[in-house]
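Asks: sequence plus the predicted model coming up.
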Amino acid sequence: MRGVHEYHGQPVTRCALLLSILTFQRPGNIRQMEWSELDLPGRLWTIPAQKMKGRVQVKITDRPHLVPLARQAIAALEEIQPLTGGGRYVFPNMANHERPMSDAAVNLGLRRIGFSGDELVAHGLRSMARTVLVERTDTPADVIEAQLAHTKSGPLGRAYDRAEFMVQRKKLMQVWADLLDTYASGAKVVPLAKGRKS
């Protein structure tokens with residue numbers, strides 16, 4: 001978070017880094033985020049089922065993934081809206097605005113703020129968030145898994161358990177963003193164990 005706040009590269013890349021951390025969604029979903037999927041007043045990002053990881057037949061019939069957005073995420077989006085809000089993508093490709101940013105952009109941003117590929121990659125932000133939330137908050141694992149868009153395992157899991165935990169997830173995302181703010185403002189950060197890759 002400190003590195004992102006001090007980032008001096010493209011503002012769009014900085015925002016993509018920040019949203020990657022704040023929402024801990026898959027890198028592909030972050031870079032393909034569209035303005036039409038966002039309800040800023042309602043603080044909600046609706047990712048169409050077709051964009052979610054999974055089998056094609058499940059994508060066609062399944063529900064969208066709803067991502068509650070913390071105040072900090074809304075502020076970041078409002079900051080770049082004047083730059084990219086006139087187009088389709090929140091994070092457009094700098095060379096061709098009709099396409100989303102490169103799948104390497106967030107990883108390059110992480111390199112630029114000082115993390116090697118052995119230390120942190122964009123997809124690792126998801127496991128980092130899950131680990132910190134389990135260890136530092138009292139959030140039930142099912143709520144975190146729902147936020148990560150992890151499906152229930154087993155042949156009947158998906159069919160019978162369709163809980164989305166939206167009330168709890170709204171609270172979770174604000175707790176997460178506030179926790180990140182405390183780390184960014186100088187609170188003690190617990191380092192990862194040696195040799196552990198995020």
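Replies: Received, thanks.

Asks: pLDDT weak spots in this protein?
Replies: For the chain, the stretches flagged by pLDDT under 70 are 53-61, 151-163, 187-198.

Asks: helices of that one, start to end?
Replies: For the chain, applying DSSP state H gives helices covering 2-5, 11-23, 27-31, 56-61, 71-84, 105-112, 124-136, 141-147, 157-160, 166-184.

Asks: which parts of the first one are buried?
Replies: If I follow you right, that is helix 2-5. V4 (16 or more other CB atoms under 10 Å). C-beta: built from backbone N, CA, C; applies to glycine.

Asks: which other helices and strands contact it?
Replies: helix 11-23, helix 166-184 (3 or more CB pairs under 8 Å, 6 or more residues apart in numbering; DSSP states H and E).

Asks: tabulate the ones you listed (JSON lines), appending distance to T137 and mean neighbour count.
Replies: Formatted as JSON lines, the helices and strands packed on helix 2-5 follow (distance: least, CB to CB, whole Å; neighbours: other CB atoms under 10 Å):
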{"stretch": "helix 11-23", "distance to T137": "15", "mean neighbour count": "23"}
{"stretch": "helix 166-184", "distance to T137": "6", "mean neighbour count": "17"}
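
Asks: just put those helices in CSV and tack on distance to G86.
Replies: Converted to CSV, the helices and strands packed on helix 2-5 look like this (distance: least, CB to CB, whole Å):
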stretch, distance to G86
helix 11-23, 13
helix 166-184, 27
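
Asks: looking at it, E37 is touching I47, isn't it?
Replies: Yes: using CB atoms under 8 Å, E37 is in contact with I47, at 6.4 Å.

Asks: quick one: L66 from M94, how far?
Replies: Distance of L66 to M94, given as CB to CB, to the nearest Å: 29 Å.

Asks: more crowded one of the two?
Replies: Taking neighbours as other CB atoms under 10 Å, L66 and M94 compare with L66 leading, 17 against 13.

Asks: circling back: looking at E37 and I47, which is more packed in?
Replies: Looking at E37 and I47 with other CB under 10 Å, you find the greater number of neighbours at I47, namely 21 against 17.
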